[in-house]
Each structure stands twice: as C-alpha cells, then as structure tokens.
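Trainee: need the 3D shape of this:
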Amino acid sequence: MAVLDLDGTLVDTNYHHALSWYRAFRRFEITIPVWRLHRHVGMGGDKFVAAVAGDEVEDRHGDELRDTWEQLFDEMIDEVAPLEGVRGLVVALKDRGHEVVLASSSVQKHFDRFIDLLEIRDDVDGWTTKDDVEASKPEPDLVQAAMGKVKSDQAVMLGDTPWDVEAARKAGVETVCLITGGFSEHELLEAGASAVFESLVELRAHLDETPFCGD
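Mentor: Numbers count the residues shown, from 1 in each chain. Below you'll find the model as predicted:
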C-alpha cells in the first residue's frame, strides 16, 4: 500500500503553517524566527510548542497557542493550492496495485478542505485525521493508523519532512520524499529517505525506480 502525507506533500502548506505559528507566538509576546518554526513543520501540534519554545511555554500557553494557530491558519487557508500532479500520482499508484491512504494529522475541517481541493476523495482507499491518533509525528501512530485503514502490514510512505521519515521508520516503513516542504534532498536522505524527488510529477515519471514500483 501507499501512505501519502498531505500537508507539504500534496498541498502547498508548510510556509503557511510556519507563518501562522509565528503570528500565534507573537500574540503571546514570544518571537521565534520563522526559519526555526519552519524546521519543525511536519511535527504534530501537540509537540510543536515545546520543541520550538520549551516546556515552560508549553505549560503556560500550549493549548492557547494551538487554538490561535488554528484561527490564524483558517484565515490563510484560501491561499493554499494543490501541488501539481496529485491525481496523476494516485492513479499511477492504483494502477500498480497499491491501496492508497492519506496520512494526515489535520483537524477535520482542514482535511475536508484539502481533499475536496485535490478532488481525490473517490480515488483513495482511506485517510486519517487528528482524531485517529494519540501521538503525532515523529511517533509512528499516524503511519500505523493509515495502514490500519486497509489492514495492511506492508507499506511505503510519501512525505516531505524528516519527521515523516522518522515516523515511518519507527513503523517499519520505507519513505520516498519530495522537497516540496522546504527540506533539502541532503537533509531528507540523511534522515533515511530511500529516494528524493523535486515534485510529484518527477516522482510519477520515475515511480518504477522506487519502492512504489508495485506490490
């Protein structure tokens, strides 16, 4: 089966997330450089605040920061666009015998917006949201939940951040990555990705040279 990350992999959201977090922290008079916030995009919101600002900020403001981030991201969501080649890749994966599950830790309203934007609701075999997991990336729960949607014990993941690679590795799954999330080929290979591509279109053209070649 194919486990596809959503944010930064199928929809171009990672910098929107970083800017929303920056503005959320500023509401609490905390300034964290946007580049540092971006380096942690892909990590679940339950871990994000402590990772970038420390446990004290998490204890004092964690839930309020997450609520503020969500509000600010909602204000930007109309600017989010799909990355080129999503449906073509899904069809190519299905043609190779893969069941395709979207592995998202998005809140439900964001997930619904994105899957409708991508127009692939009827093309995939399942999906996850924040409600399906107790612990977010880089823990393996999200990958395991995605595999559970089709009761598969073998999978390959497509992601865009080192957090995707780490979560997949902990679940015993290989990862193919894109640089669409803003992490370099070197960083993703160093994290353990089996292959890295510039875009979904490039990946589709080389699909048979990756672990996605077929069941």
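
Trainee: what count of nearby residues applies to the nearest residue to K149 once chain neighbours are set aside?
Mentor: Distances taken as Cβ to Cβ, 6 or more residues apart in numbering place G126 nearest to K149, at 3.4 Å, with adjacent residues excluded. The way it works is simple: take the backbone N, C-alpha and C, and place the C-beta from them, glycine included. With neighbours defined by other Cβ atoms under 10 Å, the count for G126 comes to 16.

Trainee: for G126, phi and psi?
Mentor: phi 170, psi 180 (degrees, to the nearest 10).

Trainee: same question, M157
Mentor: Dihedral pair for M157: phi -110, psi 150, per degrees, to the nearest 10.

Trainee: run through the strands of the protein in chain order.
Mentor: 2-5, 100-103, 126-127, 156-159, 174-178, 195-197 (DSSP state E).

Trainee: packing partners of the shortest one?
Mentor: What that stands for is strand 126-127. If you count contacts as 3 or more Cβ pairs under 8 Å, 6 or more residues apart in numbering; DSSP states H and E, strand 126-127 packs onto strand 100-103, helix 141-149.

Trainee: same check, this time on the second one
Mentor: Under the contact criterion of 3+ Cβ pairs under 8 Å, 6+ apart, the helices and strands touching strand 100-103 comprise strand 2-5, helix 86-95, strand 126-127, helix 141-149.

Trainee: which helix is the longest one in the protein?
Mentor: Ranked by residue count, the top helix of the chain under DSSP state H comes out as helix 55-76.

Trainee: for that one, list the C-alpha coordinates in PDB.
Mentor: Output of helix 55-76 as PDB, limited to C-alpha atoms (Å, rounded to 0.1, in the frame of the first residue of the first chain):
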ATOM      1  CA  ASP A  55       8.400  23.200  28.100                       C
ATOM      2  CA  GLU A  56       7.700  26.300  30.200                       C
ATOM      3  CA  VAL A  57       5.900  28.000  27.200                       C
ATOM      4  CA  GLU A  58       4.000  24.700  26.500                       C
ATOM      5  CA  ASP A  59       2.900  24.500  30.100                       C
ATOM      6  CA  ARG A  60       1.800  28.200  30.200                       C
ATOM      7  CA  HIS A  61       0.300  28.700  26.800                       C
ATOM      8  CA  GLY A  62       0.400  25.400  24.800                       C
ATOM      9  CA  ASP A  63      -3.400  25.000  24.300                       C
ATOM     10  CA  GLU A  64      -4.000  28.700  23.700                       C
ATOM     11  CA  LEU A  65      -1.200  28.800  21.100                       C
ATOM     12  CA  ARG A  66      -2.600  25.900  19.300                       C
ATOM     13  CA  ASP A  67      -6.100  27.500  19.200                       C
ATOM     14  CA  THR A  68      -4.600  30.700  18.000                       C
ATOM     15  CA  TRP A  69      -2.500  29.000  15.300                       C
ATOM     16  CA  GLU A  70      -5.700  27.200  14.100                       C
ATOM     17  CA  GLN A  71      -7.600  30.500  13.900                       C
ATOM     18  CA  LEU A  72      -4.700  32.200  12.000                       C
ATOM     19  CA  PHE A  73      -4.300  29.300   9.600                       C
ATOM     20  CA  ASP A  74      -8.000  29.400   8.900                       C
ATOM     21  CA  GLU A  75      -7.600  33.000   7.800                       C
ATOM     22  CA  MET A  76      -4.900  31.900   5.300                       C
END
